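>>> here is the input, now give the coordinates:
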Amino acid sequence: MKRLLGVVLVLFMACIPMNIHAQEVDLSFDYSGQKVEVENAVMYFTQSWERLDEAPIDCGTYIAWTRDDELIHFEINPKKVPVKVTYNKDWRENDPEEEKYLCEYIGDYEFKLRTDTDDNFVSLDNYQGNYEFQFEPKNIKDVEVQKTKITHPDVEYVYSEDGICIYGDIDHVKPILLKDVGEYTVVFDLDERYYESVPFKVTILPKMIELKPNKQFKYFGEEDPVLENDDYILTREPGENIGDYKLTVQSKSKNYKYEIIEDDVFKILGRDTIHRNETKGPSPKIDKEVKKTTVKETTVLNTSQSKITTGIQTKTFTYSMAVLISLLAIFIVIFKFI
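Coordinates of the predicted model:
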């Protein structure tokens with residue numbers, strides 16, 4: 001009887017492989033790194049009826065023989081690991097190709113990113129199919145190439161004769177040089193394969209110069225003097241009557257702005273006005289050896305006057321002799337008294 005049962009068992013096990021591929025699985029598990037045990041199972045087999053020493057761990061399809069002589073087909077599926085692939089913006093042409101992309105995932109896994117002949121991402125690992133790395137995007141052509149953005153805040157400067165230099169935050173970047181007053185929208189000159197310079201605004205304001213012009217005037221009926229030099233133009237209020245007229249200044253260069261802080265009046269003088277022509281000597285701080293210059297005042301005649309008065313006394317000799325005789329008389333009196 002036992003021999004008969006053994007023959008039946010052998011025939012049964014021999015017939016099962018012929019229909020194994022059509023057999024649907026009864027149970028499905030995800031890989032966990034732990035043994036997968038089926039309830040009441042006493043033996044485990046592979047698809048090819050190789051008996052296992054214990055419950056399986058790795059992914060695959062298996063057969064469990066229970067105490068009730070029931071065969072249960074079950075499978076262990078790879079654990080799915082989502083992986084986000086991004087472009088490495090710090091990668092350069094001389095760097096290894098495998099460093100061109102970055103992978104982001106949750107968990108502690110070790111694998112190398114590779115591509116197949118169709119440029120689809122695949123993993124190079126030693127997990128024997130127990131993990132299924134699901135790359136997103138799946139293909140190289142779908143990865144957005146991200147460049148390093150170089151930003152700079154909007155800035156404002158005052159004009160300088162040497163020009164304005166603006167430097168970036170990264171090394172080996174040529175600075176931007178601006179030479180004139182104005183508003184500019186600029187970017188850095190970078191390698192466009194790796195960098196993206198974000199435009200920013202630069203404002204250069206005119207340089208302010210305080211102006212102290214010489215006193216400007218003319219006599220009634222005369223033409224205006226030249227109120228201009230290489231740097232600026234003086235303009236007065238319109239009018240030809242005797243009086244004061246406000247002066248304004250306009251720069252000939254957009255890089256400078258002038259402001260009159262003294263003598264901002266143009267005078268039209270009458271011909272009967274008294275003028276004082278002052279001739280000032282060199283400042284003692286500049287040249288101490290130069291003698292002081294005498295200032296002479298001259299009064300200009302009105303039309304009703306017939307003489308010119310200089311204001312200087314001409315009887316100096318007579319006055320001096322009188323003083324000398326008086327001193328001599330006093331000396332003689334004192335001598336006689338003694």
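>>> Pro56 touches Val38, doesn't it?
No - using Cβ atoms under 8 Å, Pro56 makes no contact with Val38, being 9.9 Å away. All C-beta atoms are positioned from the backbone trio N, CA, C, and that covers glycine.
>>> which neighbours do those two have in common?
Residues touching both Pro56 and Val38 (Cβ atoms under 8 Å, 6 or more residues apart in numbering) are Tyr44.
>>> which helix of this structure spans the most residues?
helix 316-337 (DSSP state H).
>>> would you mark the buried spots in that helix?
Neighbour counts over helix 316-337 (16 or more other Cβ atoms under 10 Å) mark no residue as buried.
>>> check the offset of it from the chain's centre.
On the basis of Cα atoms, centre = their mean, to the nearest Å, helix 316-337 sits 92 Å off its chain's mean C-alpha point.
>>> quick one: mean pLDDT for that helix?
Averaging the model's pLDDT scores along helix 316-337 yields 73.
>>> which non-adjacent residue is nearest Pro137?
Closest residue to Pro137 apart from its sequence neighbours, by Cβ to Cβ, 6 or more residues apart in numbering: Val143 at 5.8 Å.
>>> tell me the contacts of that neighbour?
By Cβ under 8 Å, 6+ apart, the neighbours of Val143 are Val85, Thr86, Tyr87, Tyr101, Pro137.
>>> put the buried members of those into a ChimeraX selection.
In ChimeraX, this line selects whichever of the contacts of Val143 come out buried by 16+ other Cβ under 10 Å:
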select :85,101
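>>> out of the contacts of Val143, list just those in strands.
Members of these lying in strands (criterion: DSSP state E): Val85, Thr86, Tyr87, Tyr101.
>>> pick the one among these closest to Leu247.
Among those, Tyr87 lies closest to Leu247 (Cβ to Cβ), at 64.8 Å.
>>> now the closest one: how far from Thr151?
Separation of Tyr87 from Thr151 (Cβ to Cβ, to the nearest Å): 19 Å.
>>> among the contacts of Val143, which one lies nearest to Asp189?
Relative to Asp189, the closest of the contacts of Val143 is Tyr87; by Cβ to Cβ it sits at 22.7 Å.
>>> need the pLDDT of the closest one.
So Tyr87 comes in at 93 (pLDDT).
>>> ok, now which ones touch Leu105?
Slight slip there: residue 105 is Tyr, not Leu. Tyr105 neighbours (Cβ under 8 Å, 6+ apart): Val81, Pro82, Val83, Lys84, Phe133.
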